[in-house]
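A.B. asks: Starting from these lines, generate the structure:
(2 chains)
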Amino acid sequence: DAGVTQSPTHLIKTRGQQVTLRCSPKSGHDTVSWYQQALGQGPQFIFQYYEEEERQRGNFPDRFSGHQFPNYSSELNVNALLLGDSALYLCASSLLMGSGEQYFGPGTRLTVT
Amino acid sequence: DAKTTQPPSMDCAEGRAANLPCNHSTISGNEYVYWYRQIHSQGPQYIIHGLKNNETNEMASLIITEDRKSSTLILPHATLRDTAVYYCIAHLSNTGNQFYFGTGTSLTVIP
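C.D. replies: Below you'll find the model as predicted:
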């Protein structure tokens, strides 16, 4: 059983560009959450998708958007990249009405130059 | 979700028990205590969670005080591979809500 997978592993972009990160949840999971983790900090919640809709959102600007597909996979899009967007982006999958455990992917390391 | 407080860093000798404390004095009655760890630059890994009773699995034990205001994660025989940042999170289960991570405890296991 494959766990949560994310692509790409690493990415380098220039300020002002746009980026799309992808996530496939653990088999059987219906909910995908995205987190941003800056160096030396704990992960910060960006948003959560369930039934192809954004269910909850953290304190992030609308430059950050997402999508969930019928197969439960998800994308995170960031527009007009800033240097401060450089971080590890983590995807976590779970069952909405499960025990609360979230399973995290390995993350995508985004560097904005 | 209730805020949690953890020491920023701890050391533990290899083979000894590692006891990681967490304070969650404002936890509500139906919030669970979850523990995750993150090995350098990897995604966080679930360890254990509990509500009131002490819990044990193949990775660790979780001791929650009777008033639920604090808890301790115990790694019974720490190995070098247990070196990681450990996060304690208070969370309402069955809500699908997001986790609020703090800065965690950086545990270093010393040979």
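A.B. asks: Could you use CA atoms for every contact and neighbour count after this?
C.D. replies: Noted.
A.B. asks: In which helix or strand does the residue nearest to B:Thr65 when sequence neighbours are not counted reside?
C.D. replies: Of all residues beyond its chain neighbours, the one nearest B:Thr65 is B:Ser71 (6.0 Å), with distances taken as Cα to Cα, 6 or more residues apart in numbering or on different chains. Using DSSP states H and E, B:Ser71 maps to strand B:70-75.
A.B. asks: and that strand, which strands flank it?
C.D. replies: strand B:18-23 (antiparallel), strand B:61-64 (antiparallel) (DSSP bridges).
A.B. asks: quick one, what contacts the residue positioned nearest the centre of chain A?
C.D. replies: Central residue check for chain A by Cα atoms, centre = their mean: the C-alpha nearest the mean position is that of A:Trp34, 3.2 Å away. For A:Trp34, the contacting residues are A:Phe45, A:Ile46, A:Phe47, A:Gln48, A:Leu76, A:Tyr89, A:Leu90, A:Cys91, A:Ala92, by Cα atoms under 8 Å, 6 or more residues apart in numbering or on different chains.
A.B. asks: Identify the residues contacting the closest residue to B:Thr103 other than its chain neighbours.
C.D. replies: Leaving aside its chain neighbours, B:Thr103 sits nearest to A:Gly42 (4.9 Å; criterion: Cα to Cα, 6+ apart). By Cα under 8 Å, 6+ apart, A:Gly42 lies in contact with B:Phe101, B:Gly102, B:Thr103, B:Gly104.
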